[in-house]
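Asker: please find the sequence and the predicted model below.
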Amino acid sequence: MTVSPSLCLPPVSLAAGQVHLPGSKSISNRVLLLAALADGATQLDGLLDSDDTRVMLAALRQLGVAVEDAGPGRARLRGGSPFAVRQADLFLGNAGTAFRPLTAALALMGGDYRLSGVARMHERPIGDLVDALAGLGADIQYQGNPGYPPLHIGQGAIQARQPVKVKGSVSSQFLTALLLAAPIYAAQAEHDLLIDVEGELISKPYILITLNLMAQFGVQVQRQGWQRFIVPAGARYRSPGQVHIEGDASTASYFMALGAIGGGPIHIHGAGSQSIQGDMAFADVIEAMGASVIRHPDSIEVSGPRVAQGGRLKAFDRDFNLIPDAAMTAAALALYADGPCTLRNIGSWRVKETDRIHAMHTELEKLGAKVESGPDWIRVYPLAPSQWKPASIATYDDHRMAMCFSLAAFGPVPVTILDPGCVSKTFPDYFSVFRGLVRA
Ligand SMILES: O=C(O)C1=C[C@@H](OP(=O)(O)O)[C@@H](O)[C@H](O)C1
Ligand SMILES: C=C(OP(=O)(O)O)C(=O)O
């Protein structure tokens, strides 16, 4: 891992302007896989160009999928299932949206594949997905610690006589992975493929993204609540020809936050009231905190108090299970609230790019804040102007830590972000866009 030079952000007080969001990570990586599996050619625009999509594209190319670069944000894929290459060693960085769905797809195709990632990826659990795939007859071996990547995928004997059971309490990406891969089997099957969720399912809005995009590629999944998902026998992905990828709603949360604490207005283009991403609900969070939000179909405008001039946001105590990524932005905004803010039901933070509850707790304390946390919650007390301490913020190779702590520049002292380059996971240009929107 290369570490980028640290970045000192001097105090700022105002944020206003226009921002065009980079493509959604969640949609980009799903659509790349769908286009790779679908019959026919698919033209994509709005595609995210970042570490997470680069590893997905490189893997698909290695697997024999024809991918043409068609200019910035554009690509043309010619798909088909199974993939032409039956033996490959794939490096998937720290991209959960590449690792989990490719594991399921390759396990259902069968072959001789090795999937690995960065050291942290090898600490992120995948056992619940491997168990579900093993229940279908897939051949998957752990190459390191049981329950974690790296994985070896062999030639299984896939048979779905019973409903496939999958646990969704650690990550919704396991159910997403099974759903995306299901037509590889269902296309040839005589009976519908039933997928049953065992126990709790977290991060539910991401499942709706998955179902929406599968439908765009011709596969309609029926569901019974969040319990049972039915992939019809004969289901086959067909290219819709063209797909436009909307802007990233989790990324939008940093700019919504800027509008909410820096006066605004910040006009964020690329995702709005018609978005299929759950993280757009972050707009409701900042609205409840006192920001003004105007929603357009494909954009959103946010203004709010100027916290550097004594303005304050309203404190909150809420469940963030549906928007775990944007939730981190709310934790950073708590610094400017009028009372302690509690984020609940965020246990999945422990197994993401880093242990995010630990990282948030530690780094907010460096700024001078009082913080409390438990297994699946964190409480952040706001800072009065005299309480702020200049700090060097560690980012733990977590893009969201770096982006969230840019919001600390609205305090009265400078803040230094260590390894700001880690934003390349989803938004390589974040800090130049940030600088273009803020003023002293
Ligand atoms: O399916 C997806 O695109 C994602 C699901 C979420 O993960 P969990 O389901 O693990 O919470 C989210 O945190 C991640 O950034 C993207
Ligand atoms: C959890 C995240 O990433 P991943 O898709 O790797 O799970 C994230 O982007 O916040």
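Answerer: Ah, there it is. Ligands and ions are numbered 1, 2, ... in the order given.

Asker: rest of the way, CA atoms for contacts and neighbours
Answerer: Fine.

Asker: show me where the stretch 151-300 of the chain has its helices.
Answerer: Remark: helices assigned in the stretch 151-300 of the chain by DSSP state H, counting those that start in this stretch are 173-186, 205-216, 249-261, 282-288.

Asker: pLDDT at the nearest residue to G278 once chain neighbours are set aside, what is it?
Answerer: Distance criterion C-alpha to C-alpha, 6 or more residues apart in numbering; nearest residue to G278, sequence neighbours excluded, is P205 at 5.0 Å. With respect to pLDDT, P205 scores 98.

Asker: pretty sure P205 is touching S275, no?
Answerer: No: the criterion here is C-alpha atoms under 8 Å, and P205 misses it with S275 at 11.5 Å.

Asker: can you pull the buried residues of the longest strand anywhere in the chain?
Answerer: In the chain, with assignment by DSSP state E, the single longest strand is strand 193-201. Buried residues in strand 193-201, defined by neighbour count with 16 or more other C-alpha atoms under 10 Å: L193, L194, I195, D196, V197, L201.

Asker: now do the same contact list for the residue lying closest to the first one once chain neighbours are set aside.
Answerer: What that stands for is L193. Once flanking residues are discounted, L193 sits nearest to V231: 5.1 Å by C-alpha to C-alpha, 6+ apart. V231 makes contact with L179, A182, P183, A186, D192, L193, L194, V219, Q220, V221, Q222, according to C-alpha atoms under 8 Å, 6 or more residues apart in numbering.

Asker: returning to that earlier point: deepest of the helices of the stretch 151-300 of the chain, which one?
Answerer: Of all the helices of the stretch 151-300 of the chain, helix 249-261 has the most neighbours on average by mean count of other C-alpha atoms under 10 Å, namely a mean of 28.

Asker: check whether it comes near ligand 1.
Answerer: No: against ligand 1, helix 249-261 shows no contacts by C-alpha under 6 Å from any ligand atom, the least distance being 8.2 Å.

Asker: report all helices and strands that that helix contacts.
Answerer: strand 14-20, strand 263-269, helix 282-288, strand 299-303, helix 324-333 (3 or more C-alpha pairs under 8 Å, 6 or more residues apart in numbering; DSSP states H and E).

Asker: flag every residue of the stretch 51-200 of the chain that's near ligand 2.
Answerer: So the stretch 51-200 of the chain meets ligand 2 at N94, A95, G96, T97 (C-alpha under 6 Å from any ligand atom).

Asker: among those residues, pick out the one closest to ligand 1, please.
Answerer: Ligand 1 lies nearest to T97 out of those, by C-alpha to the nearest ligand atom, at 5.5 Å.

Asker: right, and that closest one touches R30 too?
Answerer: Yes: using C-alpha under 8 Å, T97 is in contact with R30, at 7.4 Å.

Asker: what's the pLDDT at the residue located most distally from the centre of the chain?
Answerer: Of all residues in the chain, S386 has its C-alpha farthest from the mean position, at 35.6 Å, by C-alpha atoms, centre = their mean. pLDDT recorded at S386 is 97.

Asker: mind checking how far it is from P412?
Answerer: 8 Å (C-alpha to C-alpha, to the nearest Å).

Asker: also P22?
Answerer: Separation of P22 from P412 (C-alpha to C-alpha): 30 Å.

Asker: on that earlier part again, intersection of neighbour lists for P205 and S275?
Answerer: What both P205 and S275 touch, as defined by C-alpha under 8 Å, 6+ apart, is an empty set.

Asker: just to revisit the earlier point, how near is the residue nearest to L193 to E123?
Answerer: Distance of V231 to E123, given as C-alpha to C-alpha: 31 Å.

Asker: I'd guessed T176 sits against P101; true?
Answerer: Yes: counting by C-alpha under 8 Å, T176 does reach P101; the two are 7.1 Å apart.

Asker: care to break this structure down by domain?
Answerer: Domains of the chain are assigned by automatic domain parsing as 6-22+247-439, 25-244.

Asker: is ligand 2 within reach of the first one?
Answerer: Yes: where contact is defined by C-alpha under 6 Å from any ligand atom, part of domain 6-22+247-439 touches ligand 2, namely D325, K352.

Asker: dump the buried residues of strand 193-201 to TSV, plus pLDDT.
Answerer: Shown next, in TSV, are the buried residues of strand 193-201 (pLDDT from 0 to 100):
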residue	pLDDT
L193	97
L194	98
I195	98
D196	98
V197	98
L201	98
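
Asker: adding distance to M403, write those out as JSON lines.
Answerer: Output for the buried residues of strand 193-201, formatted as JSON lines (distance: C-alpha to C-alpha, whole Å):
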{"residue": "L193", "distance to M403": "41"}
{"residue": "L194", "distance to M403": "40"}
{"residue": "I195", "distance to M403": "36"}
{"residue": "D196", "distance to M403": "36"}
{"residue": "V197", "distance to M403": "33"}
{"residue": "L201", "distance to M403": "27"}
